[in-house]
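In: sequence and predicted structure are below.
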Amino acid sequence: MIRENYEKIMEEIEKACQGAGRRPEEVRLLAATKTRTPDEIKEAYSVGIRLFGENRVQEAREKIPQLRDLKDAEWHMIGHLQANKVKYAVELFNCIETLDRKELVDELLKRMERKGVKEIDLLIEVKLSPEESKYGCPPEKVEELLSYTLRFPQLNVLGFMTVPPFLENPEEVRPFFRELRCIRDRMERVFNKKFPELSMGMSHDFPVAVEEGATIVRIGTALFGPRKY
């Protein structure tokens, strides 16, 4: 089913790109692998997926070492990152998509130095949802956090990420995606620097996210089927 689901998702991405005047190769599919087994991840890799995301450091610590033979796989941290897990995250992940506070910047720098990690890619997570269960930097503090992070050349900020509220009608989520794109565009003007990545959109709303400029869509259920707990 994974191959069939993957082909369907890629068709939807292509269709959304055509409607928005974008090229499909501008959008990458990130396989969200929370609760998924190494065998499922290997199957996703076999159909052509190279970008994978984990929500929990502990789960990533168990799985990623079993998948070292997937040589060109890229791993992103897409869940909230606690300070006490940074020491593991800097070695496990190519990119942390959930930078949301200065304290995390400081912890990343400390752990990278201790582990000998020279550079790490980052996205700033922006909290656009009113839900208390959601994490992220408040929009009004993004410029301050970005200014602080850019002081350190080993921290490579590539763009922004958000987790909007779950709404049955994807069109109702569009304003959140549009707002993240506007924040990105404003930060590019303020810092005179390109931030090419927008990680936004999941299984039920990714076509709308693509229409609004997503470069990474984080897909779990639509790719693997219902999550098994």
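Out: Happy to help now that I have it.
In: check the gap between the closest residue to V208 other than its chain neighbours and M10 for me.
Out: For V208, ignoring the flanking residues on the chain, the nearest one in space by C-beta to C-beta, 6 or more residues apart in numbering is P170 at 4.6 Å. Where you see a C-beta, it was placed from the backbone N, CA and C, and this is true even at glycine. Between P170 and M10 the computed distance is 18 Å (C-beta to C-beta, to the nearest Å).
In: with N156 instead?
Out: According to C-beta to C-beta, N156 and M10 sit 28 Å apart.
In: go on, R178?
Out: If you measure R178 against M10 using C-beta to C-beta, the figure is 24 Å.
In: tell me which element the residue lying closest to R56 once chain neighbours are set aside falls in.
Out: If the residues on either side of it in the chain are set aside, R56 comes closest to G79, at 5.7 Å by C-beta to C-beta, 6+ apart. When elements are assigned from DSSP states H and E, G79 belongs to no helix and no strand.
In: helix/strand/coil for the residue of the chain positioned farthest from its centre?
Out: Of all residues in the chain, R114 has its C-alpha farthest from the mean position, at 25.3 Å, by C-alpha atoms, centre = their mean. Under the three-state scheme (DSSP: H, G, I helix; E, B strand; the rest coil), the conformation of R114 reads as helix.
In: and the closest residue to it other than its chain neighbours, how many neighbours does it have?
Out: Taking C-beta to C-beta, 6+ apart, and ignoring the residues beside it in sequence, R114 has K87 as its nearest neighbour in space, at 7.5 Å. Taking other C-beta atoms under 10 Å as the criterion, the count of residues near K87 is 16.
In: isn't K87 right up against M112?
Out: No - the pair K87 and M112 does not pass the contact test of C-beta atoms under 8 Å, sitting 9.7 Å apart.
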